[in-house]
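>>> I need the structure of the sequence given here:
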Amino acid sequence: MLVVQKFGGSSVADKEKVMNVARRVVETADKGNQVVVVLSAQGDTTDELMEKANEITDNPSKRELDMLLATGEQQSVALMAMAIHELGRPAKSLIATQIGFYTSSNHTNARIKNINTDRIFQELDNKNIVVIAGFQGYNRKGDITT
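Just a heads-up that it's a prediction; the model follows:
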């Protein structure tokens with residue numbers, strides 16, 4: 001069975017919470033399930049990144065905000081994949097461009113247009129737990145959107 005688990009930022013806010021989520025994910029996989037995990041940025045990461053942007057400018061470009069804010073999810077999924085590896089299971093972290101998470105071009109307010117699931121199922125077929133960055137996509141130009 002395919003199980004999709006979504007965890008928000010407070011669920012993965014620190015090392016202890018990351019490891020708790022990783023254990024839950026591994027328990028789900030150990031029951032014979034294929035597992036896809038969708039994660040938000042850790043804790044207050046998005047707020048902290050917004051603060052950094054506002055230190056630089058009062059009027060940041062929406063495109064550049066998307067570039068900046070998407071880094072929080074990338075960090076989160078990489079750390080989760082590492083935690084799952086630490087628990088003895090294979091995992092792959094993937095961001096929007098790697099899974100074909102195609103959106104409109106409205107920076108900071110993009111809408112999903114299409115998701116190409118080929119890479120997700122390829123990784124699942126290779127016995128990986130798939131850890132996907134939430135909150136982000138990419139547009140027809142290849143720019144990151146949120």
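>>> what's the closest non-adjacent residue to A41?
Nearest residue to A41, sequence neighbours excluded (C-beta to C-beta, 6 or more residues apart in numbering): G72, at 2.8 Å. (Glycine included, C-beta is placed from N, CA and C.)
>>> wait, what's in contact with that neighbour?
By C-beta atoms under 8 Å, 6 or more residues apart in numbering, the contact list for G72 reads 40-42, 45-46, 49, 135.
>>> equivalent analysis for L65, please.
Contacts of L65 (C-beta under 8 Å, 6+ apart): 50, 53, 107-108, 146.
>>> which PyMOL command selects the buried ones in those residues?
Only the buried entries of those go into this PyMOL selection, using 16 or more other C-beta atoms under 10 Å:
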select buried, resi 53+107+146
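>>> need the residues that contact stretch 3-22.
Here stretch 3-22 makes contact (C-beta under 8 Å, 6+ apart) with 24-25, 28, 33-46, 76, 79-80, 83-84, 86-87, 134.
>>> now that stretch: mean pLDDT?
Stretch 3-22 carries an average pLDDT of 98.
>>> thanks a lot, catch you later.
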